[in-house]
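Undergrad: I would like to see how this sequence folds:
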Amino acid sequence: MTILHVADWANGGLATYLQTVLTCQSQEHRVYLLASRHNSEERIAALDGFISLDPYRRSLQGMWHAFWVTRRSIQTLRPDILHVHSSFAGIFARLAAIRLSPRPKIIYCSHGWSFLMDTGRIKTTMYASVEWLFSLLCDAVVTISKREHSAALNIGIAAEKLHLIEHGIAVEQEQMRPHRFEHTFKKNQYNILFLGRYDYAKGFDWLMDFIVRYPQKHICWHCAGKAVIDDVVDIPNGVVNHGWVSHEEVPQLLLRCDALIVPSRWEGFGLSVIEAMKYAKPVIASTGGALCELVEHRNNGWIFQMENEESLVEILQHLEASTLKIYGEKGHDIFMRHYSSKTMNKKLQQLINDLTEENGITCA
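TA: Alright, predicted model coming up:
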């Protein structure tokens with residue numbers, strides 16, 4: 001079986017997802033990935049079967065170019081499955097498959113609905129309308145959280161097309177080793193880590209402002225990432241900025257921190273949350289998006305309201321080492337039960353089987 005994945009670019013959580021899925025699928029299928037090399041992490045371009053979408057940018061001209069590259073790739077590779085990732089690729093890749101014969105079965109995942117973002121009523125309505133319309137051009141729509149699934153039903157996407165498959169990652173853990181990070185973690189303070197894009201959707205600007213206005217002497221703040229979509233945000237003195245770190249280095253940060261903070265305004269799933277849970281680290285999360293599905297208040301972490309900054313102050317002022325350890329262990333148990341890559345890949349393969357059996361194809 002041949003599977004063609006299409007994403008306009010892949011960084012952070014999406015890059016981890018694609019690497020996890022393609023590594024598994026390539027063991028039994030011919031798997032290709034079409035994406036922008038220039039706008040994706042190096043590990044994506046290093047995957048077997050990678051095809052560059054460049055020159056590409058998120059513009060009408062870039063989308064037109066991507067449309068033709070995708071259409072030619074489908075005609076050349078003749079995939080049984082076309083798996084499309086993210087909203088931009090969802091437009092040009094699904095259009096590229098129109099009136100092709102044979103037409104592959106098309107799976108689409110937005111990895112976070114754009115119409116759930118706080119972008120104003122007009123844009124929200126427009127985004128929802130586009131997602132509904134383009135759902136008519138595919139055979140299956142994968143949602144990544146219960147909230148995303150309910151939202152898809154609410155805008156009218158056919159229930160029979162929707163498949164809830166939450167993200168998962170490998171359960172194997174890295175061991176702590178000497179690293180350039182280690183001297184930045186303080187033994188006499190709680191080390192709290194922000195991990196991800198320094199962008200508005202992730203609440204990075206909110207967190208930096210909070211740190212300035214509510215100093216916590218018992219906490220050493222760490223951040224690792226970079227601004228990808230939005231302008232660069234000033235990082236206050238005293239915050240340890242590790243910058244963008246490779247996927248291979250992330251475990252060394254998680255092993256050394258005491259807790260992860262996720263102040264997202266909008267989050268389709270929250271891959272960094274399950275990465276922290278994998279290493280038995282508790283999570284301090286906002287109510288943004290699907291985070292409350294992953295973090296249960298005072299069980300495997302804490303939930304705070306961004307509009308009520310005192311709720312986060314109270315959490316921080318009552319941190320205790322014993323509680324951090326207990327919540328981290330509970331989080332690890334939840335991760336092992338629900339968020340392993342094995343579970344995710346099994347569900348994806350079952351979906352592929354269900355779709356391709358209609359064409360008389362069965363997966364190995």
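Undergrad: you'd agree residue 330 is up against residue 300?
TA: Yes: Residue 330 sits in contact with residue 300 when judged by CB atoms under 8 Å, with a separation of 4.5 Å. C-beta: built from backbone N, CA, C; applies to glycine.
Undergrad: between the two, which one's more packed in?
TA: Set residue 330 next to residue 300 and count neighbours by other CB atoms under 10 Å: residue 300 wins out with 26 against 17.
Undergrad: and the more buried one, what does it touch?
TA: Residues in contact with residue 300 (CB atoms under 8 Å, 6 or more residues apart in numbering) are 277, 282-283, 327-328, 330-331, 334.
Undergrad: Where does the prediction get shaky in this protein?
TA: 230, 358-364 (pLDDT under 70).
Undergrad: picking that back up, filter the contacts of residue 300 down to just the ones in strands.
TA: Under the assignment DSSP state E, the contacts of residue 300 contribute residue 283 to strands.
Undergrad: quick one: which of the contacts of residue 300 has the most company?
TA: Neighbour-wise, the contacts of residue 300 (other CB under 10 Å) top out at residue 277, 30 neighbours.
Undergrad: and the gap between it and residue 353?
TA: 29 Å (CB to CB, to the nearest Å).
Undergrad: and if you look at residue 311?
TA: Residue 311 is 45 Å from residue 353, by CB to CB.
Undergrad: which residues of this protein fall in strands?
TA: Under DSSP E, the chain gives strands at 2-7, 30-35, 50-52, 81-85, 105-109, 140-143, 162-164, 190-195, 219-224, 240-241, 259-262, 283-286, 301-304.
Undergrad: Now render those strands as JSON lines, adding distance to residue 203.
TA: As requested, these are exported to JSON lines (distance: least, CB to CB, whole Å):
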{"stretch": "strand 2-7", "distance to residue 203": "24"}
{"stretch": "strand 30-35", "distance to residue 203": "27"}
{"stretch": "strand 50-52", "distance to residue 203": "32"}
{"stretch": "strand 81-85", "distance to residue 203": "23"}
{"stretch": "strand 105-109", "distance to residue 203": "23"}
{"stretch": "strand 140-143", "distance to residue 203": "23"}
{"stretch": "strand 162-164", "distance to residue 203": "25"}
{"stretch": "strand 190-195", "distance to residue 203": "9"}
{"stretch": "strand 219-224", "distance to residue 203": "12"}
{"stretch": "strand 240-241", "distance to residue 203": "16"}
{"stretch": "strand 259-262", "distance to residue 203": "8"}
{"stretch": "strand 283-286", "distance to residue 203": "6"}
{"stretch": "strand 301-304", "distance to residue 203": "11"}
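Undergrad: so which of the ones you listed comes closest to residue 41?
TA: For residue 41, the closest of the strands of the chain is strand 30-35, at 10.1 Å, according to CB to CB.
Undergrad: Now do the same contact list for residue 115.
TA: 124-125, 127-128, 131, 151, 155.
Undergrad: let's see it at 6 Å
TA: Listed by CB atoms under 6 Å, 6 or more residues apart in numbering, the contact set of residue 115 reads 124, 127-128.
Undergrad: With neighbour count and distance to residue 342 as new columns, can these be given to me in JSON lines?
TA: As requested, these are exported to JSON lines (neighbours: other CB atoms under 10 Å; distance: CB to CB, whole Å):
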{"residue": "124", "neighbour count": "16", "distance to residue 342": "36"}
{"residue": "127", "neighbour count": "19", "distance to residue 342": "33"}
{"residue": "128", "neighbour count": "20", "distance to residue 342": "34"}
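Undergrad: So which of those is the closest to residue 323?
TA: Closest to residue 323, out of all of these and judged by CB to CB, is residue 124, at 38.6 Å.
Undergrad: Walk me through the domains of the protein.
TA: Domain assignment of the chain by automatic domain parsing yields the ranges 2-170+341-359, 182-338.
Undergrad: End to end on stretch 89-109, go ahead and measure it.
TA: Distance between the two ends of stretch 89-109: 10 Å, counting by CA to CA, to the nearest Å.
Undergrad: Could I get the buried residue list for that stretch?
TA: In terms of neighbour count (16 or more other CB atoms under 10 Å), stretch 89-109 has its buried residues at 89-94, 96-97, 104-109.
Undergrad: Now do that stretch: distance to the chain's middle.
TA: 22 Å (CA atoms, centre = their mean, to the nearest Å).
Undergrad: Which of the domains of the chain sits closest to residue 176?
TA: Closest among these, using CB to CB: domain 182-338, at 4.7 Å.
Undergrad: mind checking how far the closest one is from the chain centre?
TA: 15 Å.
Undergrad: what's the answer for stretch 13-21, then?
TA: With CA atoms, centre = their mean, you get 8 Å for stretch 13-21.
Undergrad: Please enumerate the helices of the stretch 151-300 of the chain.
TA: 204-213, 250-256, 271-278, 291-294 (DSSP state H, counting those that start in this stretch).
Undergrad: What lies in contact with the first one?
TA: Meaning helix 204-213. 198, 221, 233, 236, 263.
Undergrad: Can you show me the CA trace of that helix as CSV?
TA: C-alpha atoms of helix 204-213 as CSV (Å, rounded to 0.1, in the frame of the first residue of the first chain):
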residue,chain,number,x,y,z
PHE,A,204,3.9,33.2,25.7
ASP,A,205,3.4,37.0,25.8
TRP,A,206,0.8,36.5,28.7
LEU,A,207,3.3,34.4,30.7
MET,A,208,6.2,36.8,30.2
ASP,A,209,3.9,39.7,31.4
PHE,A,210,2.8,37.6,34.4
ILE,A,211,6.4,36.8,35.4
VAL,A,212,7.2,40.6,35.5
ARG,A,213,4.1,41.6,37.5
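Undergrad: That'll do, ta.
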